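[1] Sequence and predicted model, in that order:
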Amino acid sequence: MTAPATDPKQWNVGLIGYGEVGRILAEDLRRQEVKVAAFDIKLRSDQNGRSLRDHAGQHGVALTASHADLAAQSDFIVSAVTASQAVTVAKACAEAVKKGAWYLDFNSASPGAKQRAAKLIDAAGARYVEGAVMTSVPPYRIKVPLLLGGGDAAALAPLLNQFGFAARVASDRLGVASAVKMCRSVMIKGFEAMVIESFTTARAYGVEDAVLASLKETFPGIDWEKQGAYFFQRVIEHGRRRSEEVREVAETVREIGLEPWSSSGTAERQAWIADLADEGLFGERGTKGFARSADWRTEADRILGAIKSKNKD
């Protein structure tokens, strides 16, 4: 099996998915003068693709016309797409991936989905490694805590860390790293959904101050005003991606024979907020006012206004 250069900074890095995570990785890799190419289906859209093309131009990222074009030229591929597309993207890349190339599946997919993606990549002669991103990427950037899994995980980990990743091996068995991520997301994404539901309802009844005071008494280590604003912001801005992830979380729970009642509800709440954002309720995406309110009450009032408007209809 032909391997890429032993110095990872000499690799041609390919990013599948040029959303928030892809752009952050591109910026941090380009600062190290690493060659980076990217593909995203949104590049085909005049409206959504323009900002992505502008970002790529500013940072010296080459854009390709398809998954296969990117795979054919990359020594190291990072797949960072919506969770539901993880296996589809692996299949598209497997058609042209270079023998011996590394394929890091960054997606928040279930253990079963990771195993299906691995079969496609490994059968094509490349080296699949699952990755589980353990917290929000923006504060940490490329140094975000990252669990790796699979038979080639131990070989890839030190190479990734030369780029500045904070990667460590969870297991040589595929699915273990993703299981850790998915089980954590039952709590974290569920917490987001519960806060939005609780705080918005409290706001409607005029009891939000009493609710926050009670929460502070029970959990004194949490700044509930700040946490509320952050959760509203993240779900408004990334609810679509989060809902896709939580559907994978639900599938992870379902794979063990347990009915995912909590996760399914979380996915519906995240998607519902994403629908409101797509309708422009919270302002135009990309503007300073979008999902950046320091007070969660502003966003809750917008949600309540939308509910009243729809009930009138």
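    Nice, I can see it.

[2] Would you mind listing the residues in contact with residue 20?
    Neighbouring residues of residue 20 by CB atoms under 8 Å, 6 or more residues apart in numbering: 137, 138, 238. For every residue, glycine as well, the C-beta is placed using N, CA and C.

[3] Could you chop this structure up by domain?
    8-174, 182-312 (automatic domain parsing).

[4] Which of the ones you listed has the lowest mean pLDDT?
    Lowest mean pLDDT of the domains of the chain: domain 182-312, a mean of 90.

[5] Can you flag which of the contacts of residue 20 belong to helices?
    137, 138, 238 (DSSP state H).

[6] What count of nearby residues applies to the first one?
    The criterion is other CB atoms under 10 Å. On that basis, residue 137 has 18 neighbouring residues.

[7] hey, where'd the helices end up in the stretch 201-313 of the chain?
    With DSSP state H, counting those that start in this stretch as the criterion, the stretch 201-313 of the chain has helices at 208-218, 224-255, 261-278, 296-312.

[8] Need those in JSON lines (columns: distance to residue 40).
    What follows is these, written out as JSON lines (distance: least, CB to CB, whole Å):
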{"stretch": "helix 208-218", "distance to residue 40": "39"}
{"stretch": "helix 224-255", "distance to residue 40": "13"}
{"stretch": "helix 261-278", "distance to residue 40": "18"}
{"stretch": "helix 296-312", "distance to residue 40": "28"}
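
[9] Would you mind finding the most buried of those?
    helix 224-255 (a mean of 22; mean count of other CB atoms under 10 Å).

[10] Residue 266 against residue 188, yeah?
    No. Using CB atoms under 8 Å, residue 266 makes no contact with residue 188, being 9.7 Å away.

[11] which residues does residue 211 contact?
    Going by CB under 8 Å, 6+ apart, residue 211 touches 198, 199, 202.

[12] mind checking how far residue 11 is from residue 160?
    Plainly put, residue 11 is 11 Å away from residue 160 if you go by CB to CB, to the nearest Å.

[13] before we move on, back to that, out of the helices of the stretch 201-313 of the chain, which comes closest to residue 147?
    For residue 147, the closest of those is helix 224-255, at 14.7 Å, according to CB to CB.

[14] other SSEs contacting that closest one?
    Secondary-structure packing of helix 224-255 (3 or more CB pairs under 8 Å, 6 or more residues apart in numbering; DSSP states H and E): helix 111-123, helix 176-205, helix 208-218, helix 261-278, helix 296-312.
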